[in-house]
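>>> Kindly return the folded structure for what I paste below:
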Amino acid sequence: MPGLLLHCAGPLQSWGQHSHFNQRDTAPFPTRSGILGLLAAALGRSRDEPVDDLARLGVTVRVDRPGVLLRDLHTVGGGLAAAATVTTAQGKKRSGDTTTLLSHRYYLADAAFTVAVTSASQATLLLECAHALRAPRWPLFLGRRACPPTGPLFLGLVDDTLHHLMGLPIAAKAPRAGTAARTVDVLSDRPLDRLPLPDGAHGSDPAEAAHPATSLNDQPVTYHPNRRTYRARPLYRRTVTPPSQQWGGLGTDYLQALGDYARRHFDTREGNRP
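Purely as a prediction, here's the structure:
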């Protein structure tokens, strides 16, 4: 199946899942709404434009590094004049010792994910997204504006997307000799029982991966700021033990491994480079 390959990595990421008011959480991996919103930003779509075409794309995530959960404490409204403090639900201003609000915001620190965005019937949309990711209309971020991506975000537009998702170098160090084999999780909105595994890899029971593990409320209906709406969708999960040579390391080691893979498997001519 054709599709886009993305590498979501940065000092911080935050993929909101149940965020409300002063509690801003993060899912442990990129959500559908976050990835499709990133594509919408690259295309230059405003928040009130339809996203029905993007919502039909499939999203599959490989967890290269889960990262570390980080909580950041923010204060809002403190030290301001009464007229400039936070407005209450009744439209009034807070007074006295209640003018300062605490906001807890959660991030994934030092996480890395490889993402496949696929479609069997929307070749034109995939091509438009590929061009937009090379030259985005608006800045791109990993869930929140404070979380810009590092390294190559767009890896390429390819034909056999899931094959390359599972074959690309993993942005993490290989396990030390003599230690237990390390696994990566693969999460998708589609069944994973037929996930193409690279030579030497081992996957969890495909029968279990054919059925949803749970559901997430991250299927975007509209990003309109005044009526943002999402629907529930199934989440499929499969655990894979990659071959030792697939661990690409960190920093320049990973970039070197990524470049070697691209030269062997992608069309890297001048007009087609990611």
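>>> just checking, what packs against the worst-scoring helix or strand of the chain on mean pLDDT?
Lowest on mean pLDDT, DSSP states H and E among the helices and strands of the chain sits strand 23-24, with a mean of 78. Applying 3 or more CB pairs under 8 Å, 6 or more residues apart in numbering; DSSP states H and E, one finds that strand 23-24 contacts strand 101-118. C-beta: built from backbone N, CA, C; applies to glycine.
>>> The strand it packs on pairs with which strands, and in what direction?
Using DSSP bridges, the strands paired with strand 101-118 are strand 3-13 (antiparallel), strand 23-24 (parallel), strand 58-65 (antiparallel), strand 68-76 (antiparallel).
>>> next SSE after the shortest one?
Beyond strand 23-24 in the direction of the C-terminus, DSSP states H and E gives the next helix or strand as helix 32-43.
>>> what angle sits between that following helix and strand 3-13?
Calculated by axes from the mean of the first three to the mean of the last three CA atoms, to 10 degrees, helix 32-43 forms an angle of 100 degrees with strand 3-13.
>>> Tell me which residues are up against the least confident helix or strand of the chain.
Under the criterion CB atoms under 8 Å, 6 or more residues apart in numbering, residues 14, 16, 103, 104, 105, 106 lie in contact with strand 23-24.
>>> Hmm, residue 189 and residue 236 touching each other?
Yes. Residue 236 is in contact with residue 189 according to CB atoms under 8 Å; the separation is 7.2 Å.
>>> So for these two, which sits in the more crowded spot?
Neighbours were counted for residue 236 and for residue 189 using other CB atoms under 10 Å; residue 236 has more, 21 against 18.
>>> Check the gap between the more buried one and residue 60 for me.
Separation of residue 236 from residue 60 (CB to CB, to the nearest Å): 9 Å.
>>> who touches both of these two?
With contacts taken as CB under 8 Å, 6+ apart, the residues that reach both residue 236 and residue 60 are 187, 188, 189, 190, 192.
>>> Give the PyMOL command for selecting the buried subset of the residues you listed.
PyMOL command restricting the shared contacts of residue 236 and residue 60 to the buried ones, with burial defined by 16 or more other CB atoms under 10 Å:
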select buried, resi 187+188+189+192
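>>> from the shared contacts of residue 236 and residue 60, which is closest to residue 219?
Distance to residue 219, by CB to CB, is smallest for residue 189 among the shared contacts of residue 236 and residue 60, at 7.9 Å.
>>> In terms of pLDDT, where does the nearest residue to residue 241 once chain neighbours are set aside sit?
Excluding its sequence neighbours, the residue lying closest to residue 241 (CB to CB, 6 or more residues apart in numbering) is residue 202, at 4.5 Å. We note a pLDDT of 95 for residue 202 in this prediction.
>>> okay but residue 202 is in contact with residue 243, surely?
No. In this structure, residue 202 sits apart from residue 243 without contact. The criterion is CB under 8 Å, and the distance is 9.0 Å.
>>> Out of the strands paired with strand 101-118, which gets nearest to residue 154?
strand 3-13 (6.2 Å).
>>> What residues of the closest one count as buried?
In strand 3-13, counting by 16+ other CB under 10 Å, buried: 3, 4, 5, 6, 7, 8, 9, 10, 11, 12, 13.
>>> List just the nearest of the residues you listed to residue 207.
When the buried residues of strand 3-13 are ranked by distance to residue 207 (CB to CB), residue 3 comes first, at 25.2 Å.
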